[in-house]
Every structure is written in C-alpha cells, then in structure tokens.
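> Quick one, what's the 3D model for this:
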Amino acid sequence: MPFNRTLLFSTLLALSVPMTNTAPVRAAGATTCTFEDDVAAAPGLTTSPSSGTVKNEKDGTFTCDGPVNGKQPSGPGTSSFDGRYGTKDPDTCQGGGEGDGIFTLTIPTSSGVEHINNTETYDYGAFKAGSAFSGTFHGDRMSGTFEVQPIDGDCASKPVTRFHVKGRGTLAG
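This next block holds a predicted model:
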C-alpha cells in the first residue's frame, strides 16, 4: 500500500485541534442567585456630594438555582444589606458613586438553614429623576450586577432616600 501524505497530514491536523464543548460552562461550585430588596439611604443622594449609610427597611427575597454551601435550597430565602455609600469620595445623583457593606443571606435547605455574610464593594452610575440606574458588586462569596429604582425623592428638590434594588449574582461554593 503506498504512503498517503494527505491522509497523514489530515490526521495530524485533526489531532492538533482542541476539542470544544458548545454547551455553556459554569464555574465549578458556582450558583446563580437573584435578589430583591428595598433599602434606605441616609442622608440620601442629591446633586450635592454626600456620604452616608444604606440599610434594608425589611428583609428582601433571595433565590438560587443550585447548591448553597453544597446544599440544595428548599425554597426562597431572605437577604439584607447594611453598608455605606460615598466611601472613596462623596457621591451625587449626577455622578454615581461607590460603597461597601455586608450582604446577609439566609437560605433554607433540606439540611437546615444556611447563612452567608458577603462582604462586598459596589459602584453605580448616574441617574435622572424617576429612572432606574445600575451598578456592579464584588464580594468575597458573591459578585454580580444590580438595577436600582428610586422610590422616594427626586434628587433636585428632595434627596433620594429609598430605593428598590433587583440584582443577580454568582455565589461561589
């Protein structure tokens, strides 16, 4: 049988191309979660620079689509946030800003309740009165994005002191 260089070249080329998986890949041990909270800011955001506190008025809702601390959730949990805004420099409505805090999560599982304290930093963009604005957060257990809708205040004649927050993040381990 004669030597076939084309067949040899084609075989070597096929072996050198890495196999690819077209299915979406999720990081090992990572779970996608969503949350919704109402928070109050004091003294609140205006057109004048300020720094202050951000805290839940009551527990929010928290759900995950996979394991939390290695255990499968048995239903929705609760969340709360206790933090600060204007941590690098004072924040304004028109300039956005940054902050830090602890996002506390309580998730029921078939093995009992799991508690997570996510120490995080966040940043957000500017907004106009009555419209939503968005941001990102980075924590030691969960990071993601959020959208905020002002509930009370308009930035011009009255500080925005209450917000409705909806977010999505990836919870590690």
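> separation between the residue lying closest to residue 88 once chain neighbours are set aside and residue 46?
Nearest residue to residue 88, sequence neighbours excluded (C-beta to C-beta, 6 or more residues apart in numbering): residue 98, at 5.4 Å. Every residue, glycine included, has its C-beta placed from N, CA and C. Noted for residue 98: a distance of 17 Å to residue 46, by C-beta to C-beta, to the nearest Å.
> Compare these two (neighbour count), which wins?
Taking neighbours as other C-beta atoms under 10 Å, residue 98 and residue 46 compare with residue 46 leading, 20 against 16.
> Quick one, grab the pLDDT at the nearest residue to residue 51 once chain neighbours are set aside.
Leaving aside its sequence neighbours, residue 51 sits nearest to residue 86 (C-beta to C-beta, 6+ apart; 3.0 Å). Looking at residue 86, its pLDDT stands at 97.
> So which elements touch the lengthiest strand in the chain?
When the chain is parsed with DSSP state E, its longest strand is strand 30-45. Here strand 30-45 touches strand 52-56, strand 60-64, strand 77-85, strand 142-152, strand 160-172, going by 3 or more C-beta pairs under 8 Å, 6 or more residues apart in numbering; DSSP states H and E.
> quick one: buried residues of the fourth one?
Neighbour counts over strand 142-152 (16 or more other C-beta atoms under 10 Å) mark 142, 143, 144, 146, 148, 150 as buried.
> Would you check that residue 47 makes contact with residue 93?
Yes. Using C-beta atoms under 8 Å, residue 47 is in contact with residue 93, at 5.8 Å.
> ok, those two, which is more surrounded?
residue 93 (24 against 12).
> List phi and psi for the spatially closest residue to the more buried one that is not a sequence neighbour.
Spatial nearest neighbour of residue 93, chain neighbours left out: residue 155 (3.7 Å); criterion: C-beta to C-beta, 6+ apart. Here is the backbone geometry of residue 155 (degrees, to the nearest 10): phi 80, psi -30.
> Neighbours of the residue nearest to residue 51, how many?
Residue 86: 19 neighbours (other C-beta under 10 Å).
> Please report the distance of it from residue 95.
With C-beta to C-beta as the criterion, residue 86 and residue 95 are 10 Å apart.
> gap between the residue positioned nearest the centre of the chain and residue 90?
The residue lying closest to the centre of the chain (C-alpha atoms, centre = their mean) is residue 144, at 2.7 Å. Distance, residue 144 to residue 90, by C-beta to C-beta: 25 Å.
> Span of stretch 134-151 from start to end?
Terminal residues of stretch 134-151 are spaced 15 Å apart (C-alpha to C-alpha, to the nearest Å).
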